[in-house]
Every structure is written in structure tokens, then in C-alpha cells.
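Colleague: Model the structure of this input:
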Amino acid sequence: MEKKKLESYLDAMLAARTRKELEHTFKYILLELGFEYFSWYVLSTKDFIIYGKWISNYLFDWLFRYAEQNYFSIDPVVLGTHLTQGHLLWRDVLSCDLKPKQFQLFHEAYYCGLRAGATLYNDTLYRGRTMRSLLSVAGRMSNTKFDHLFNKREKTLTVVSEAFNMRTMQLAIDH
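Modeller: Just a heads-up that it's a prediction; the model follows:
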């Protein structure tokens, strides 16, 4: 990704004056980077609260099913957040020893269009306060095509994700 494009993404997020503007900008950037679906979630904050700690463009059917089945409590991608900083490709989780309900989660996600994906884990520090979040990006493409896209965009995606977290914290704390 060319440096000017990354700078334009960062400038656009910095120009956002409200959470709604920032979220709209973030969604646009992720789509422009080639990721059909995303979900951003704040796992924890220290000393401050961010309202509306989850944004996503996943299909409603999947979001409903995820909540209905309480998948958050058994999702190996979410459960792995205490172990890693960086990213995790979903296909790597599938090669682990999954419990039947965890396998069912991935099976249902696949049939809801989330066929390949990755999750980035971020710890962001701002003015002595910490926020831990995860950003999942996904698509309907094959694992091979997704891996190619992710590898091509990983550095840009990481910088954009960290900048989004920082700007989210700035808007929550300073305004």
C-alpha cells in the first residue's frame, strides 16, 4: 500500500469530530482495503468507558445467531485474546482441537458468508489509560485468496486499527 494512501486514511480518521464520523470513516477504509466484513470490539478499558463498544457490518443473521448461541463465551478467537498480541488467522484455529460447539460456530459462520478471516489484537495506551480491542476482518473468498489479501494489507490494517483505537480513546476521554 502506498504511503500517501495510508496517510490519507490517518488524516481522515484524525479529521473525524464524533464517534459516528470516525466509525463511518473506519468502515469505508476497511472496505477500500478489500475486506467485505469486519467486527471491532472493545474487550476492556481501564479508568474510562466507551459507549457502543462494538461495531460490525456482519450480516444480521450471523450476529443474531452468535448472540443467540452465546458464542462469545466459547469463541476460540475471543478466548485467545489473553494469549496474543498481533493477529490470528481463523484457519489456524480450525487446525486446533476444537470442542463440538466451537466447531459449530465456525461451520455456521462459514454458511453466513464468513468463510475466511483474521483477528487483530490491540492494546492501546492513551494518557495513562489502556484499551484492549480486537478487530476481525473476513470475506466470502477462499482461504488462499484471503491469505493473499491479508498478507498484502496486514501492515496497513494494523496501523489503521491502532489509529482507530487511539482516535476512539481521544474522543471518549477528551470530549
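Colleague: which stretches of this protein form helices?
Modeller: 3-15, 19-32, 60-68, 76-79, 90-94, 100-111, 143-174 (DSSP state H).
Colleague: Return the distance of the last one from the chain's centre.
Modeller: Put plainly, it is helix 143-174. 8 Å (C-alpha atoms, centre = their mean, to the nearest Å).
Colleague: Look up how far Thr18 lies from the residue in the chain sticking out farthest from the centre.
Modeller: Distance from the centre of the chain peaks at Pro100, with 24.7 Å (C-alpha atoms, centre = their mean). The gap separating Pro100 from Thr18 is 44 Å, by C-beta to C-beta, to the nearest Å. To be clear about C-beta, it is placed using only N, CA and C from the backbone, and glycine gets the same treatment.
Colleague: And Leu135, by the same measure?
Modeller: 20 Å.
Colleague: Same check on Thr158?
Modeller: Applying C-beta to C-beta to Thr158 and Thr18 gives a distance of 25 Å.
Colleague: More neighbours: those two, which one.
Modeller: A direct count of neighbours by other C-beta atoms under 10 Å for Thr158 and Thr18 places Thr158 higher, at 15 against 10.
Colleague: pretty sure that one is touching Leu120, no?
Modeller: Yes - counting by C-beta atoms under 8 Å, Thr158 touches Leu120, with 6.3 Å between them.
Colleague: who touches both of these two?
Modeller: Counting by C-beta atoms under 8 Å, 6 or more residues apart in numbering, the shared contacts of Thr158 and Leu120 are His87.
Colleague: residues near the closest residue to Arg19 other than its chain neighbours, how many?
Modeller: Nearest in space to Arg19, with sequence neighbours left out and distances taken as C-beta to C-beta, 6 or more residues apart in numbering, is Leu171 at 5.5 Å. When neighbours are counted by other C-beta under 10 Å, Leu171 registers 17.
Colleague: now the one 3 residues further on
Modeller: Other residues near Asp174 number 8, with proximity taken as other C-beta under 10 Å.
Colleague: same check, this time on Glu21
Modeller: Neighbour tally, Glu21, other C-beta under 10 Å: 15.
Colleague: Report the central residue of the protein.
Modeller: Closest-to-mean residue, the chain, C-alpha atoms, centre = their mean: Leu135 / 1.3 Å.
Colleague: Give me the pLDDT value at it.
Modeller: For Leu135, the model assigns a pLDDT of 93.
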